[in-house]
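Q: My questions concern the predicted model and sequence given below.
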Amino acid sequence: MNVWSCGGDPARPGVCGTGDAGELVGRSRESAELARLLTAHRLVTVTGRAGVGKSRLATAVGARWPLVHVHGQGDCSRALTEVPSTGVLLLDDVDPVHRATVGRVRRLLDAAPGLRVLVTARQALGLGEERVLRLSPLAATGPDVPPAVDLFLRRARAASDGFRAEGAELRAVERICRSLEGVPLALELAAEQLAFQRVGDLAAVLEVHQCWLHGEGPALRRHRSLRATVGASYALCEREARIVWGRASVLAGAFDESTAAFLCGGGGVEPHRVPSLLAGLAAINVLEPVRDPGGPRPPRYRMTRAARDFGAERLRAAGECETALERRATHARQLAATAQHLWASGRQDQAVALVQEEQEELTAVLNQAVHRPDQGVTALQTVLGLWFWWVVYGRGEQGLDYLLRLLPLCPEANPASRRGRWLAAWLSARRDPQAARILLGPAWPQAVLAGDTTTIGQIAHVQGLIALHEGDPRGAVEHFAESARTLPARPAYGPSPAVALATRAVTQTALAPGAARRTARRALSRREIRDDAWGTLLARYALAYVDHHQGRDTRAAGRARRTLATLDHAPALPHGHEALRALVTDIESGTRDRRPLPPLPRPRGASTSEVPTETASGTSRR
């Protein structure tokens with residue numbers, strides 16, 4: 001079976017509605033492709049998600065031939081005797097009778113050799129001679145006026161007496177089109193609402209929920225509300241698929257089969273059945289594959305926005321919402337723990353790839369958790385597992401914000417509390433050393449009492465950063481030395497001894513260049529550094545920095561360039577690469593500049609008033 005996939009063309013702005021009648025604008029590419037397929041082949045099926053405009057496109061193109069229009073839920077068997085032997089038979093919306101339609105279409109084609117059959121459905125019939133046109137939503141972004149925006153504006157002008165959008169109102173329209181994912185039916189229903197509310201208010205509501213959209217215009221009942229349109233697909237699903245649909249609706253981003261099995265398994269659904277159920281939901285366009293299901297890597301899916309809102313309604317009705325949210329938070333913590341283990345064991349590229357792939361879902365979980373005290377500890381553990389993402393990859397501001405909001409939700413005696421204070425202090429050290437010092441106040445004695453040598457060593461590292469940014473390089477050198485002595489070779493979290501030594505070497509450079517060189521070489525001589533791209537980069541940077549400081553610019557530039565070249569295949573370390581390039585620029589321009597160590601993030605907005613403070617009677621929070 002050959003499959004043609006077409007979507008909206010941003011270069012040809014216009015609109016296409018859905019429903020019962022209306023102009024076809026912005027679907028010229030799809031219209032031409034459907035006409036070509038229907039001219040050359042006897043069986044063509046138009047598929048796509050609910051509300052995308054399959055019926056309207058098929059009706060408009062099929063009308064170029066003698067056309068008999070039969071609704072798929074009607075009696076298709078009468079078409080065997082009533083349709084002419086030539087022309088086009090349009091079987092519209094055959095999903096409720098999909099299985100029976102397959103045999104009937106085969107008999108129709110055998111009985112009338114001159115007949116063409118045009119089908120609209122959420123999934124293809126699966127017949128060998130069938131050609132399939134997948135109809136995508138309208139583009140909601142792009143140059144000029146995107147088709148989705150054009151459609152909304154046209155319908156809005158008709159619904160609200162000459163509506164015009166400029167400035168903030170136009171931006172609100174664009175938000176609406178993105179929220180509705182360019183689905184024509186949803187756009188038309190939303191445009192009708194402008195007769196009752198302002199466009200800015202409508203945009204805010206639709207970003208939260210959209211299944212409430214409804215209208216009186218469409219003649220077909222399933223087109224009169226977005227809930228009914230999506231519900232028509234839900235009604236066609238078997239019980240297990242409905243359960244998976246509802247449970248998976250809590251996932252905001254893309255997910256793989258193992259995530260869905262963890263979240264959706266149990267309570268009437270065997271985990272091993274989940275992959276096939278996901279494939280079935282993808283076949284009816286409830287899920288969209290974000291990776292080729294037939295490729296070498298496991299498939300990943302994303303639930304369409306309207307389907308996710310509908311599934312969330314069903315999940316709440318089933319009384320399973322809280323359980324699903326708890327599982328989702330637990331899974332996020334497990335993802336972070338896996339990434340942390342990968343980083344600590346030397347597979348830093350895999351750790352970064354995992355976080356990048358799951359970033360949307362992790363962000364959604366953490367944004368929700370800061371408002372749910374019952375998930376505070378789990379969310380804090382998730383943030384801690386992602387320490388390298390905040391520190392090494394320039395997300396310090398975001399990580400600090402999560403920590404400052406989650407720390408008050410975690411009991412002081414919990415190990416996550418002292419580790420969270422350490423990480424928050426690290427992320428605060430550059431902008432507000434005093435706030436960082438206050439954060440570390442209760443963390444150090446707790447770590448000592450618990451015998452947590454890793455946290456003790458990490459605290460020493462942050463104390464060195466605080467001293468460095470308070471203008472005490474000698475004190476910083478001693479703290480970094482203590483950190484390197486205390487930390488295990490491969491700490492489960494936080495910087496390694498090699499990172500502490502490299503940081504010490506840069507700090508020593510202005511005080512004792514010879515000692516700084518020896519310290520940097522000690523960092524590079526550690527066995528575990530072979531699996532630590534970050535530690536390797538910092539140690540090599542430290543050597544190049546010492547050379548530059550001592551006037552050995554040719555050697556320094558060579559070291560810096562070789563480091564950049566050898567790390568091209570390592571996970572991107574933005575601060576380190578940037579610092580090396582800046583060092584090369586300084587050498588080439590003859591500048592001698594004391595640069596702080598590269599990977600220390602600079603969060604904005606952190607201040608002492610935002611963090612826990614020590615009082616004479618103990619710890620309090622402002």
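A: Thanks, I have the structure now. Because the structure is predicted, anything quoted here is derived from the model rather than measured.
Q: So what's the gap between the helix or strand containing residue 105 and the chain middle?
A: Applying DSSP states H and E as the criterion places residue 105 in helix 98-111. When distances are taken as CA atoms, centre = their mean, to the nearest Å, helix 98-111 is centred 42 Å away from the chain's centroid.
Q: buried ones in it?
A: The neighbour-count check on helix 98-111 (16 or more other CB atoms under 10 Å) flags 98, 101, 104, 105, 106, 108, 109 as buried. For the C-beta atoms, the positions are set from N, CA and C on the backbone; glycine is no exception.
Q: of those, closest to residue 463?
A: residue 98 (67.3 Å; CB to CB).
Q: on that earlier part again, using PDB, list the CA coordinates for the next helix or strand along the chain from the helix holding residue 105.
A: Per DSSP H and E, the first helix or strand lying C-terminal to helix 98-111 is strand 115-120. Taking Å, rounded to 0.1, in the frame of the first residue of the first chain, the C-alpha atoms of strand 115-120 are listed here in PDB:
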ATOM      1  CA  LEU A 115     -15.800   3.100 -10.300                       C
ATOM      2  CA  ARG A 116     -13.500   5.100  -8.100                       C
ATOM      3  CA  VAL A 117     -13.900   4.900  -4.300                       C
ATOM      4  CA  LEU A 118     -12.900   7.700  -2.000                       C
ATOM      5  CA  VAL A 119     -12.800   7.000   1.700                       C
ATOM      6  CA  THR A 120     -12.400   9.300   4.800                       C
END
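Q: Would you list the phi and psi of residue 135?
A: Note on residue 135: backbone dihedrals following degrees, to the nearest 10 are phi -100, psi 120.
Q: Can you give me the neighbour number for residue 268?
A: Using other CB atoms under 10 Å, residue 268 is surrounded by 8 other residues.
Q: is it true that it lies in a helix?
A: No: with DSSP: H, G, I helix; E, B strand; the rest coil as the criterion, residue 268 is located in coil rather than a helix.
Q: didn't it look like it was pressed against residue 241?
A: No: applying CB atoms under 8 Å, one finds residue 268 not in contact with residue 241, separated by 11.4 Å.
Q: Run through the residues that contact residue 331.
A: 259, 262, 263 (CB atoms under 8 Å, 6 or more residues apart in numbering).
Q: Give the other helices and strands that whichever strand or helix holds the first one contacts.
A: In this case it means residue 259. When secondary structure is defined by DSSP H and E, residue 259 falls within helix 257-264. The elements that helix 257-264 packs onto, with contact taken as 3 or more CB pairs under 8 Å, 6 or more residues apart in numbering; DSSP states H and E, are helix 239-248, helix 274-283, helix 321-344.
Q: avg pLDDT for it?
A: Mean per-residue pLDDT for helix 257-264: 95.
Q: In space, not sequence, find me the middle residue of the chain.
A: Nearest to the geometric centre of the chain sits residue 360, at 2.5 Å (CA atoms, centre = their mean).
Q: now the contacts of residue 331 in JSON lines, with distance to residue 52 and neighbour count?
A: Listed next are the contacts of residue 331 as JSON lines, based on distance: CB to CB, whole Å; neighbours: other CB atoms under 10 Å:
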{"residue": "259", "distance to residue 52": "27", "neighbour count": "24"}
{"residue": "262", "distance to residue 52": "31", "neighbour count": "17"}
{"residue": "263", "distance to residue 52": "27", "neighbour count": "22"}
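Q: show me where the stretch 351-500 of the chain has helices.
A: In the stretch 351-500 of the chain, the segments counted as helices under DSSP state H, counting those that start in this stretch are 376-385, 387-391, 396-406, 415-428, 433-440, 443-450, 453-469, 473-486, 497-508.
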